[in-house]
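A.B. asks: Please work out how this folds:
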Amino acid sequence: LLVFLILFIIPGCSKNITSSSENKGVLKINLTDAPGNYEAVNITFSEVSVKFENDWKIINNQTQTFNLLTLTNGKTALLGESELEPGKYNQIRLKISAAEVVYKGQTFTLTVPSGAHSGLKFGPSFNIEPGITYKLIVDFDANKSIVPQGQRNNYKGFILKPFIRVIPEAETGAISGTVANGENSPIAYAIAGTDTVTSTVVDTTTCNFVLGYLPEGLYTVNITDTEGKSYTKSGVTVTAGKTTSIGEITLK
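C.D. replies: Next up is the predicted model:
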């Protein structure tokens with residue numbers, strides 16, 4: 001299952017003047033993640049490319065491995081950056097060559113679907129303009145992307161079914177806050193209607209959180225810890241390029 005959605009911009013604009021060649025623009029693609037119930041989720045990408053007219057333009061063909069679980073709370077990693085000819089680009093393609101998950105101290109090789117080896121293709125389309133950097137965020141939801149095999153608490157293996165959302169960074173904003181009693185591993189969720197758009201762990205040191213790369217709109221923020229304490233706030237407004245703070249809250 002592949003989902004094309006839209007994620008968070010840590011405040012800033014995706015159209016920035018760059019020092020690229022005068023007649024070219026720059027595409028920058030960053031990777032981020034929502035938390036998962038694992039110790040590590042390691043995904044190896046072998047190629048990142050974009051489609052221009054009938055050709056695929058390689059952004060990065062260096063093999064890269066990322067532990068997705070280190071990319072929460074607004075953190076990102078660079079998937080690829082390249083100068084491109086101006087014009088409309090219709091698709092992004094990610095090739096995944098390997099994946100593994102660490103669960104209860106044991107490492108499992110994830111079964112990767114054939115489509116991921118040949119390339120996962122998804123939107124949105126976007127325009128490259130001369131002298132401009134265009135930034136895209138790829139949100140790879142680890143928890144939704146991994147399907148356990150076998151009985152609960154006695155899994156025999158895992159299958160990778162990538163669940164990804166992509167958004168131009170400039171079209172998104174964020175929600176931040178602090179959990180006063182955040183010692184029991186709380187997780188914060190941003191919910192639009194019935195859809196959980198993204199989630200993040202609360203930092204165990206600072207007790208701060210950032211729900212990043214959210215499309216503009218109204219959200220409900222729900223925070224729950226491992227002891228069953230929770231907090232909910234409705235009607236939180238997200239504006240592109242800005243971070244909305246809900247301040248310090250207490251789980252009850």
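
A.B. asks: Show me how the record splits the chain into domains.
C.D. replies: As given by the TED database, the domain ranges for the chain are 23-162, 173-251.

A.B. asks: pLDDT averaged over the shortest one - what is it?
C.D. replies: What that stands for is domain 173-251. What domain 173-251 shows for mean pLDDT is 97.

A.B. asks: now do the longest one
C.D. replies: Per-residue confidence for domain 23-162 averages out to 93 on the pLDDT scale.

A.B. asks: and it, how far out from the chain's middle?
C.D. replies: From the chain centre to the centre of domain 23-162 is a distance of 9 Å (C-alpha atoms, centre = their mean, to the nearest Å).

A.B. asks: re the thing from before, dump the domains of the chain to a markdown table, plus mean neighbour count.
C.D. replies: For the C-beta atoms, the positions are set from N, CA and C on the backbone; glycine is no exception. Shown next, in a markdown table, are these (neighbours: other C-beta atoms under 10 Å):
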| stretch | mean neighbour count |
| --- | --- |
| domain 23-162 | 17 |
| domain 173-251 | 17 |
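
A.B. asks: can you pull the contacts of Thr178?
C.D. replies: 206-209, 247-249 (C-beta atoms under 8 Å, 6 or more residues apart in numbering).

A.B. asks: In contact with Val221: list those residues for me.
C.D. replies: Val221 neighbours (C-beta under 8 Å, 6+ apart): 175, 177, 188-191, 211, 231-233, 236, 246.

A.B. asks: One more pass at 6 Å, please.
C.D. replies: By C-beta atoms under 6 Å, 6 or more residues apart in numbering, the contact set of Val221 is 233, 236.

A.B. asks: The helix or strand where it lies: partners in the sheet, and parallel or antiparallel?
C.D. replies: Secondary structure assignment for Val221, by DSSP states H and E: strand 217-224. Taking DSSP bridges as the criterion, strand 217-224 sits next to strand 187-192 (antiparallel), strand 230-238 (antiparallel) in its sheet.

A.B. asks: So which of the ones you listed is nearest Asn73?
C.D. replies: When those are compared by C-beta to C-beta, strand 187-192 sits nearest Asn73, at 9.1 Å.

A.B. asks: Other residues contacting that closest one?
C.D. replies: Applying C-beta under 6 Å, 6+ apart, the set of residues contacting strand 187-192 is 196-201, 209, 211, 214, 217, 219-220, 222-223.

A.B. asks: Now do the strands in the stretch 101-250 of the chain.
C.D. replies: With strands called from DSSP state E, counting those that start in this stretch, the stretch 101-250 of the chain shows them at 106-109, 120-122, 126-128, 132-140, 146-151, 154-160, 164-168, 172-179, 187-192, 195-201, 208-215, 217-224, 230-238, 243-249.

A.B. asks: Compare those strands and report which one is nearest to Lys95.
C.D. replies: That would be, of the strands of the stretch 101-250 of the chain and by C-beta to C-beta, strand 120-122, which comes in at 7.7 Å.

A.B. asks: hmm, who's touching the closest one?
C.D. replies: With contacts defined as C-beta under 6 Å, 6+ apart, strand 120-122 is touched by 4, 91-94, 162.

A.B. asks: next one: stretch 138-145
C.D. replies: 7, 31-34, 36, 41, 68, 161-166.
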